[in-house]
Each structure stands twice: as C-alpha cells, then as structure tokens.
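Engineer: quick one, structure for this:
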Amino acid sequence: KHEDIDAAIRLTGKRIVILLDDLDRLTGKEIMEVLRIIRNTANFSNVFFIAGLDQNYIVSTLKNTKDFANEEEYLRKIFQLTITLPATKKKFMIPEIEKFLLTDDLNSTEIRQLKKVIKALTWDDSDYANTMYPAVMQEGIFEYFTDNIRDPRRFTNSFKIVFGIVKNEVELLDLFVLELIKNKHIEVYNMIRSKELLDVNSSKAGQYIIHEKNLEELSKLHGEKVFKQIKEGLQFLTIALGKNQRRFSSVGNFYLYFSYQLFD
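Structural biologist: Coordinates of the predicted model:
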C-alpha cells in the first residue's frame, strides 16, 4: 500500500507540504506517534513536513518516555532543516497588553490607574540612564513574566475579572504582579496563597518576607529561568516602597488578595 501511494503521488508531479503546529502540546507518547508517522508511515516522495515546536520541550518530554538513547539525534534524523525563530522583543508586548487591558468598558479613572501601573512595571525606554547600558537586559517585571505573544491575552482574561472586584481594595501594583505569577505559574501562585513561600518578618512585625528555603526548593523543580521569574515576583511583592497601605507585604492585607469573593 505504501508503494502504491508513493507511486500515485509521484505521478501527480505535485509537491505536498504538510504543516504540523503545536507538537509541544502533546504528551510523550503522542509526540512519538507523530514522529513515527513522519519518518515511516507517511514518508512518501514529494511530501514535506513543516513542524512548529518548542524543541526543548520535545526533547525533555521524549526523555521522560525513556524510549530513546539520544533524543536530539533522533530529531535530527527526522528533520533535515531547523529554522530558529528570533526572540520577540519584549517592548512589543506593551502595546499588546494595553490593547487587551485598556478597553471601553473601563472608565477614565481606571484607565489612568492601569496606565500608571503598566508604566511602573515595564522598561522605561525614555529614561536616558537606561540607554547608556545597551548590554543590560531591557526588561521590567512585566516583560520578565512575558515570554510570547499569547501571554498578554491570557493575563488580561484573568486580571480583568479580579480587577473588577478588588480595584478599590488593594495595591494595584501588587495585584498586577500576583496575576502575572498566576498566569505563568499557577502552582507557585497557590504556594503563595497557602503561605508556603512567605515568612513573617521577625524584626518588623506585620510584614511578609520570602521563605528562602522553600523558594530554593523551587529551583530544583522548575529550573533556573522559572526560579528567577518567581524570585523577581516575590521580591517585588515583599517590598513596601512606593505602595499604598493596602500593599501585599502587610500581613493584615493578605485576605484582600486571595479572599476577594467575600466582597460579593
């Protein structure tokens, strides 16, 4: 049957291009099935496969199946050409977040408040001091938690629900950062909610600090990049400078951020 199909395709004289997207949303066994189809079952003349994927995810997922001696080499045998997409400049994420967040359902005061928060949490291109160090990573905390173009939309979907309930009850800077963490690492958000990543400051009663030991454990589970994201977010949440009295770092305000259903 394979030979008959192959001969029929060659007789058409046409090139067939098959696009495969989101392979990195599959399980290890599902990825193996797709790769075997590409390499064996559907390996016909004049048929080309273009696969969009996160190679690091594919390799790590295949490693978990323990079916390959060398996952990277296996992929090289299947794909003859690899094109690596350039990294997205983080500054292009700012118009995206503003487009999804600053919508017509908000009043002028709310839009002004959110613009102020976005400005405070993003890299300031207009600051002359920042332009003097071009080699420094140009990221504010918002860019730090934004990896791709889907992140602003996902973040906004979650943030606007919470914002509509607690906008007058909390420090918006802290609410924004908490939602950034929830958007990227829901399990870490839940650890903050259960206070596993927080300690009470013994030298300054009523203030939260980071639970360093539990935070270090996260680096073993999530890797260095995710660990740095989480630490950056927690450090921001536990500082008081430039925030109002409803800031997250004050122990008495904790319920405002996690029990907001009580307001309805």
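Engineer: helix or strand right after whichever strand or helix holds I58?
Structural biologist: I58 is part of helix 55-65, with elements assigned from DSSP states H and E. Using DSSP H and E, the helix or strand that follows helix 55-65 in sequence is helix 71-78.
Engineer: where's the helix or strand that that following helix is followed by relative to the chain centroid, distance-wise?
Structural biologist: The helix or strand immediately downstream of helix 71-78 is helix 93-101, counting by DSSP H and E. Counting by C-alpha atoms, centre = their mean, to the nearest Å, helix 93-101 is centred 15 Å from the centre of its parent chain.
Engineer: could you pull out the buried residues of helix 93-101?
Structural biologist: Residues of helix 93-101 classed as buried: 93-94, 96-98, 100-101 (neighbour count, 16 or more other C-beta atoms under 10 Å). For every residue, glycine as well, the C-beta is placed using N, CA and C.
Engineer: who does it touch, helix- and strand-wise?
Structural biologist: Contacts defined by 3 or more C-beta pairs under 8 Å, 6 or more residues apart in numbering; DSSP states H and E place helix 93-101 against helix 108-121, helix 141-144, helix 151-166.
Engineer: apart from its chain neighbours, what residue comes closest to G233?
Structural biologist: Distances taken as C-beta to C-beta, 6 or more residues apart in numbering place I181 nearest to G233, at 4.8 Å, with adjacent residues excluded.
Engineer: about what we covered before: mean neighbour count, the helices and strands packed on helix 93-101: which tops it?
Structural biologist: A comparison of these by mean neighbour count, using mean count of other C-beta atoms under 10 Å, puts helix 141-144 on top with a mean of 21.
Engineer: check the offset of that one from the chain's centre.
Structural biologist: 10 Å.
Engineer: only alpha carbons, please: show that helix as CSV.
Structural biologist: Only the C-alpha atoms of helix 141-144 are listed here, as CSV (Å, rounded to 0.1, in the frame of the first residue of the first chain):
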residue,chain,number,x,y,z
ILE,A,141,8.9,42.9,35.8
PHE,A,142,6.0,42.7,33.2
GLU,A,143,8.5,41.8,30.4
TYR,A,144,10.2,39.4,32.8
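Engineer: what's that helix in contact with?
Structural biologist: Contact partners of helix 141-144, identified using C-beta atoms under 8 Å, 6 or more residues apart in numbering, comprise 90-91, 93-94, 97, 118, 121-123, 176-177, 180, 229, 232-233, 236.
Engineer: try it again at 6 Å.
Structural biologist: 90, 121-123, 232, 236 (C-beta atoms under 6 Å, 6 or more residues apart in numbering).
Engineer: next one: F248 from E110, what distance?
Structural biologist: Distance of F248 to E110, given as C-beta to C-beta, to the nearest Å: 20 Å.
Engineer: quick one on the thing from earlier: now the helix holding I58: buried residues?
Structural biologist: 55, 58-59, 61-62.
Engineer: tell me if Y208 really is in a strand.
Structural biologist: Yes: applying DSSP: H, G, I helix; E, B strand; the rest coil, one finds Y208 inside a strand.
Engineer: tell me which residues touch it, please.
Structural biologist: Counted by C-beta under 6 Å, 6+ apart, Y208 has contacts 198, 238, 249.
Engineer: so which of those belong to strands?
Structural biologist: Among the contacts of Y208, the ones falling in strands (DSSP state E) are L198.
Engineer: helix or strand with the lowest mean pLDDT in the protein?
Structural biologist: Of all helical and strand segments in the chain, the minimum by mean pLDDT, DSSP states H and E falls on helix 128-131, at a mean of 46.
Engineer: among the contacts of Y208, which ones are buried?
Structural biologist: Taking 16+ other C-beta under 10 Å as the criterion, what is buried in these is 198, 238, 249.
Engineer: which residues touch the first one?
Structural biologist: With C-beta under 6 Å, 6+ apart as the criterion, the residues that contact L198 are 208, 211.
Engineer: if it is in a bridge, with which residues?
Structural biologist: Beta-bridge partners of L198, counted by DSSP bridges, are I210.
Engineer: just name the closest of the contacts of Y208 to A205, please.
Structural biologist: S249 (12.4 Å; C-beta to C-beta).
Engineer: so what's that closest one up against?
Structural biologist: Applying C-beta under 6 Å, 6+ apart to S249 gives the contacts 207-208, 238, 240.
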